[in-house]
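In: okay, predicted coordinates and the sequence, questions at the end:
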Amino acid sequence: MFDALKLQSPDKIIALMKAYREDPRPVKVDLGVGVYKTAEGNTPIMRAVKAAEKQLWDEETTKTYVALLGDAGFHDVMIDLILGPETVPRENVAAVATPGGTGAVHHGLELIRMSNPDVTVWVSDPTWPNHISILDYLGIKWRTYRYFDAEKCEVDFEGMLEDLSQIAEGDAVLLHGCCHNPTGANLNLGQMAEVAEIIRTKGCVPFVDIAYQGFGDGLDTDAIATRHLARHLPEVLIAASCSKNFGLYRERTGILLGITPNEDAANLVRDNMSYLNRQNFSFPPDHGARLVTMILNDPELRADWQAELEEVRVSMLSLRQKLADTLRERLNSDRFDFVAQHRGMFSRLGLTEVEVQQLREKHAIYMVGDSRINIAGLNEENIPILANAIAQVCG
Ligand code: LMR
């Protein structure tokens, strides 16, 4: 029976992780998968997470099931973190804990398909490759809207508006809440408000993927665009991840929120979210969600978590600036100045696939094929290595 299976095309980001690990060269640079790293190349457990884990080890008395939707306390703290107080009435929001942000994206898309089997989901060109993979896996029609001007390395807002003028009633529009992956180029609030207005007048639903809250301009600022959509549109789906801002990658901690116009609608969405968990894996993972709940409910842990997150954010900003300055100096050109303006974990450098391959083969520098780099993979030592190598391959 299994010989009927066919090999799946590998996920580019995951394949890159493996290729990097297997590269025997002593000096190599990993700018691939989106994982935070210190200057020493470690991905530490955040202080507040460690403290909460110790406390949990002492206090937890059972590992029995929680609830199909996950813990209500987790829903509350996450709704507050993402939406802030008073953006929408709490009773209008349905929430379900999911295995990571990817689980939330998957469930959100399934929910969209269950609501409208004929839906077209519009995604930014480019977007996180797994968005498209999941859409294909679920057999959902999708189309792209222009998003990134590859020449200028900034948002192509005119192109975006032109393409979004074609969305039809009942379609869904996938948006990145902040820290666009893979480009690092983001809409400002005014632009998001224009997009919200198109979505509203066309009778479509926005699906916001917010996986990097706190990595761009700060926890609240990064959520402003999402809050605007939630305030001004009757229905919004939000997939959020705690992998990055809590560093909980392997604990698979995420949440899907459904903003609805009233309590009855929220109950209906909640019922279907619960069904999706049950059919796919039953109860969602609890450990990471519980740690997040403990941290956000404890003023001391919360303050420490925020302080460490801020250190991470500021260090990425300074790495951006250093890379832009070094490239400017090595190339005697302002071509890469945009890196300092971009926000979040990634920037797309605008190199060709051949140049990316040369960087890998000749210089042991690993980045995704579209020239996306993980800013957190940079440090004082490898920035000059990268800048020299780019000067060579582009020279
Ligand atoms: C990334 O884009 O590198 C991260 O979101 C990790 C992943 O799962 O792809």
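Out: Yep, that arrived.
In: how about the nearest residue to Gly344, chain neighbours excluded?
Out: Cys179 (2.5 Å; CB to CB, 6 or more residues apart in numbering). No exception for glycine: its C-beta is placed from N, CA and C like everyone else's.
In: what of Asn277?
Out: Leu68 (5.1 Å).
In: for Pro10, give me the pLDDT.
Out: For Pro10, the model assigns a pLDDT of 88.
In: hang on, it is in a helix, isn't it?
Out: No - counting by DSSP: H, G, I helix; E, B strand; the rest coil, Pro10 is not part of a helix but coil.
In: so who does the residue nearest to Gly344 touch?
Out: By CB atoms under 8 Å, 6 or more residues apart in numbering, the contact set of Cys179 is Asn186, Ala211, Tyr212, Phe215, Gly216, Asp222, Arg343, Gly344, Met345, Phe346.
In: I figured the first one hits Ser347, correct?
Out: Right, Asn186. No - using CB atoms under 8 Å, Asn186 is not in contact with Ser347; the gap is 11.3 Å.
In: between the two, which has more neighbouring residues?
Out: Ranked by neighbour count (other CB atoms under 10 Å), Asn186 and Ser347 place Ser347 first, with 29 against 22.
In: where does the more buried one land in three-state SS?
Out: Three-state call for Ser347 (three-state DSSP): strand.
In: let the chain start at 137 from now.
Out: Sure, I'll start numbering at 137, so the last one becomes Ser483.
In: so what's it bridging to?
Out: Counting by DSSP bridges, Ser483 is bridged to Ile509.
In: buried set for the helix or strand hosting Glu447?
Out: Following DSSP states H and E, the helix or strand that holds Glu447 is helix 435-467. Residues 437-438, 440-442, 444-445, 448-449, 451-452, 455-456, 458-464, 466 are the ones in helix 435-467 that count as buried (16 or more other CB atoms under 10 Å).
In: for it, packing partners?
Out: helix 183-195, helix 423-433, helix 474-477, helix 518-530 (3 or more CB pairs under 8 Å, 6 or more residues apart in numbering; DSSP states H and E).
In: relative to Val309, which of those helices is closest?
Out: Val309 lies closest to helix 474-477 among those, at 24.8 Å (CB to CB).
In: mind listing residues that contact that closest one?
Out: 288-290, 320-321, 456-457, 459-461, 463, 483, 485.
In: now do that helix, average pLDDT.
Out: In this model, helix 474-477 has a mean pLDDT of 97.
In: which parts of it are buried?
Out: Using 16+ other CB under 10 Å as the test for burial, helix 474-477 gives Phe474, Val475, Ala476.
In: closest residue of the stretch 337-486 of the chain to the ligand?
Out: Ala347 (6.2 Å; CB to the nearest ligand atom).
In: hmm, Ser379 and that residue touching each other?
Out: Yes - contact criterion CB under 8 Å: Ala347 and Ser379 qualify, at 7.1 Å.
In: tell me, what's touching those two both at once?
Out: With CB under 8 Å, 6+ apart as the test, Ala347 and Ser379 both reach Gly237.
In: compare these two and say which one has the larger neighbour count.
Out: Neighbour totals were compared for Ala347 and Ser379, and Ala347 leads with 27 against 23 (other CB under 10 Å).
In: tell me who's in contact with the closest residue to that one other than its chain neighbours.
Out: Leaving aside its chain neighbours, Ala347 sits nearest to Ser377 (4.1 Å; criterion: CB to CB, 6+ apart). Going by CB under 8 Å, 6+ apart, Ser377 touches Gly236, Gly237, Thr238, Ala240, Ile346, Ala347, Tyr348, Thr389, Gly390.
In: swap in 7 Å and give it another go.
Out: If you count contacts by CB atoms under 7 Å, 6 or more residues apart in numbering, Ser377 has them with Gly236, Gly237, Ala347, Gly390.
In: with His316 instead?
Out: Listed by CB under 7 Å, 6+ apart, the contact set of His316 reads Asn322, Gly480.
In: mind redoing it with 8 Å?
Out: Neighbouring residues of His316 by CB under 8 Å, 6+ apart: Ser260, Tyr283, Asn322, Gly480, Phe482.
In: repeat that for Leu205.
Out: Applying CB under 8 Å, 6+ apart, the residues near Leu205 are His211, Ala231, Val232, Ala233, Arg406, Met409, Ser410, Asn413, Pro420.
In: skipping adjacent residues, who's closest to Ile270 in space?
Out: Using CB to CB, 6+ apart, the closest residue to Ile270 is His242 (5.5 Å).
In: and what of Asp272?
Out: Spatially, and ignoring its direct neighbours in sequence, Asp272 is nearest to Trp278 (8.0 Å; CB to CB, 6+ apart).
In: and Gln457, by the same measure?
Out: Spatial nearest neighbour of Gln457, chain neighbours left out: Ala476 (4.9 Å); criterion: CB to CB, 6+ apart.
In: for Pro370, grab the count of nearby residues.
Out: Close neighbours of Pro370, defined as other CB under 10 Å, add up to 13.
In: isn't Ile360 up against Leu323?
Out: No - Ile360 is beyond contact range of Leu323, at 10.6 Å (criterion: CB under 8 Å).
In: between these two, point out the one with more neighbours.
Out: Legend: neighbour count by other CB under 10 Å for Ile360 and Leu323, higher for Leu323 (21 against 16).
In: okay, buried residues for stretch 259-277 please.
Out: Neighbour-count burial for stretch 259-277 flags Val259, Ser260, Pro262, Thr263, Trp264, Pro265, Asn266, His267, Ile268, Ile270, Leu271, Ile276 (criterion: 16+ other CB under 10 Å).
In: tell me the contacts of the second one?
Out: So that's Ser260. Thr280, Tyr281, Tyr283, Phe284, Met296, Leu310, Leu311, His312, His316.
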